[in-house]
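>>> Sequence and predicted structure are below.
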Amino acid sequence: MVSGHLETKKGYYYVVLSYVDVNGKRHRPWISTGLPEKGNKRKAEAELARIRSTYEPPKEVEDLNSDMPFADYLLQWLEIVKVRIKIATFSSYESMVKRTIEPYFRKKGYTLRGLEARHIQQFYTEKLKTVKPNSVIHYHAVIHQALKYALKTDLVTQNVAMKVDRPKKNDFQPVFLDAAELQKLFTIIKGTKLELPVLVAAFYGLRRGEVIGLKWDAIDFERGAITIKRTVTSIQVDGREQIIEQESAKTKSSMRTLPLVGSFREYFLQVKEAQELNKKVCGNCYNYEYDGYVFVDELGERMRPGYLTSYFPQFIQRHGLRKMRFHDLRHSCASLLLANGVPLKQIQEWLGHSDFSTTANIYAHLDYSSKLSSAQAMVSGMPLPEVGDFKSKWSNLTEEAEATNEKSEE
């Protein structure tokens, strides 16, 4: 097991590991725990122990060459990028390479130098028989990045992935619940563990990770505000599930402050009081590792991301509602905002989209109010002619047609 210790930088704990490679060179990688320095020493020490026990030093990559199998190159490339990309991104890359891309090219036996655009195109054609175009687009992104590095390091003379035609992105139609359906949903989940997570996701349009990552320090009861600044997500790395806590949200735009309105203040206060009571009742049995999080159970265990992903759709279908994902509550929030005349730009800010085009691409077809405004503008700018007596005109046209037909028969 590699050695290591804790360091703090800019108010956060980092795990600093130390190991010597096969060439005798010492390495000291820094790994962020995502834990603020204040009040998290025990959690940071636990994270240090976990990372030390599971960390595997990167494999040696000095043997990269143009004649190596492309499948081998992909695995080596993963080790290279592992230390310089976000862990969630690496998890996605690793899953696609090891499950799909590498096994396919392993069977084909192409070398890095011998890989051609047509080989990649054939891979896409083959995969489109079993997966949707969006999945193939993701495969393309990984292959393109891998070959970009090969080009940068002079292992190849061109990035052949640039010559390949990607499939067109498949249309995705999320599920939207209207106000009546949401009210039925709220009735069904009332009094269950799903109640507050569903209400928060449906009203504020939060992502799953933003819901589970919500902590009491993000709720300002005096000002009446809730700040979205933390996420908790589940990923797979080296075949193991890891729960990732991040102090920052998905993007800079994702970090947003929203008003604490309606009965949400009372909801949160009741949950907070219940947590304090559980601590007293459970005593030493209470898990303080997740102290500060809103969504924990009676023993202090934090709600897992997979719970909302898997249990929510099963629960609502058992109670007669149509099939939908937990993330579709976010879409339902946006559709209701549009239905009530909120402009797309404001919806972008409410949902925390980094780009207006993202909001427009998903929800523009629902924006009926803007279409009405456009229609009114056209009527004002280009008045339509008087309707007139269409009934009498149609009768005259019919009589003329009948007379013409009679003459042709003669």
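Yep, it's here. Residues are numbered from 1 along each chain as shown.

>>> Hmm, residue 184 is touching residue 316, no?
No - at 9.5 Å, residue 184 does not count as touching residue 316 under the criterion of CB atoms under 8 Å. For the C-beta atoms, the positions are set from N, CA and C on the backbone; glycine is no exception.

>>> So between those two, which is more surrounded?
residue 316 (20 against 14; other CB atoms under 10 Å).

>>> is it true that the more buried one touches residue 187?
No - Residue 316 is beyond contact range of residue 187, at 11.3 Å (criterion: CB under 8 Å).

>>> Residue 233 - that's part of a helix, no?
No - counting by DSSP: H, G, I helix; E, B strand; the rest coil, residue 233 falls outside a helix, being strand.

>>> could I have stretch 285-293 exported to CSV, CA atoms only?
Taking C-alpha atoms only, stretch 285-293 is exported to CSV below (Å, rounded to 0.1, in the frame of the first residue of the first chain):
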residue,chain,number,x,y,z
CYS,A,285,-25.6,4.6,17.0
TYR,A,286,-26.1,7.7,15.0
ASN,A,287,-23.8,8.1,12.0
TYR,A,288,-22.2,11.6,12.2
GLU,A,289,-20.2,11.1,9.0
TYR,A,290,-22.9,12.8,7.0
ASP,A,291,-23.9,15.3,9.7
GLY,A,292,-25.0,18.5,7.9
TYR,A,293,-26.7,16.9,5.0
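
>>> Give the rounded mean pLDDT of it.
What stretch 285-293 shows for mean pLDDT is 91.

>>> swap in stretch 116-135?
95.

>>> Just the buried residues of that stretch, please?
119, 120, 121, 123, 124, 127, 133, 135 (16 or more other CB atoms under 10 Å).

>>> surely the first one meets residue 108?
Which is residue 119. Yes - using CB under 8 Å, residue 119 is in contact with residue 108, at 6.8 Å.

>>> Common neighbours of those two, please.
Common contacts of residue 119 and residue 108 (CB atoms under 8 Å, 6 or more residues apart in numbering): none found.

>>> Tell me where the stretch 151-300 of the chain has strands.
For the stretch 151-300 of the chain, the strands defined by DSSP state E, counting those that start in this stretch cover 219-220, 225-228, 231-237, 240-246, 256-259.

>>> How many neighbouring residues does the nearest residue to residue 285 once chain neighbours are set aside have?
Nearest residue to residue 285 in three dimensions, chain neighbours excluded: residue 299, at 6.3 Å (CB to CB, 6 or more residues apart in numbering). Residues near residue 299, counting by other CB under 10 Å, number 11.

>>> Tell me how many other residues surround residue 333.
By other CB under 10 Å, the residues close to residue 333 number 22.

>>> Touching, it and residue 207? I think so.
No - using CB under 8 Å as the test, residue 333 is too far from residue 207 to be in contact (11.1 Å).

>>> And the nearest residue to residue 111 once chain neighbours are set aside, how close does it get to residue 201?
Excluding its sequence neighbours, the residue lying closest to residue 111 (CB to CB, 6+ apart) is residue 67, at 5.3 Å. Using CB to CB, to the nearest Å, residue 67 is found at 52 Å from residue 201.

>>> the more surrounded of those two?
Ranked by neighbour count (other CB under 10 Å), residue 67 and residue 201 place residue 201 first, with 24 against 9.

>>> Does that one touch residue 209 like I think?
No - in this structure, residue 201 is not within contact of residue 209 by CB under 8 Å, at 11.0 Å.

>>> Flag the shaky bits of the protein, pLDDT-wise.
1, 22-23, 58-62, 172, 248-254, 356-410 (pLDDT under 70).

>>> I would like the residues contacting the lengthiest strand in it, please.
Assignment by DSSP state E gives strand 12-20 as the longest strand of the chain. With contacts defined as CB under 8 Å, 6+ apart, strand 12-20 is touched by 2-8, 26-37, 40-41, 44, 47-48, 51-52, 55, 57, 247.

>>> now do 7 Å
Residues from elsewhere that reach strand 12-20 (CB atoms under 7 Å, 6 or more residues apart in numbering): 2-7, 26-33, 35-37, 40, 44, 47-48, 51-52, 55, 57.

>>> do the same with stretch 113-121
66, 67, 70, 108, 110, 143, 156, 160, 161, 163, 164, 165.
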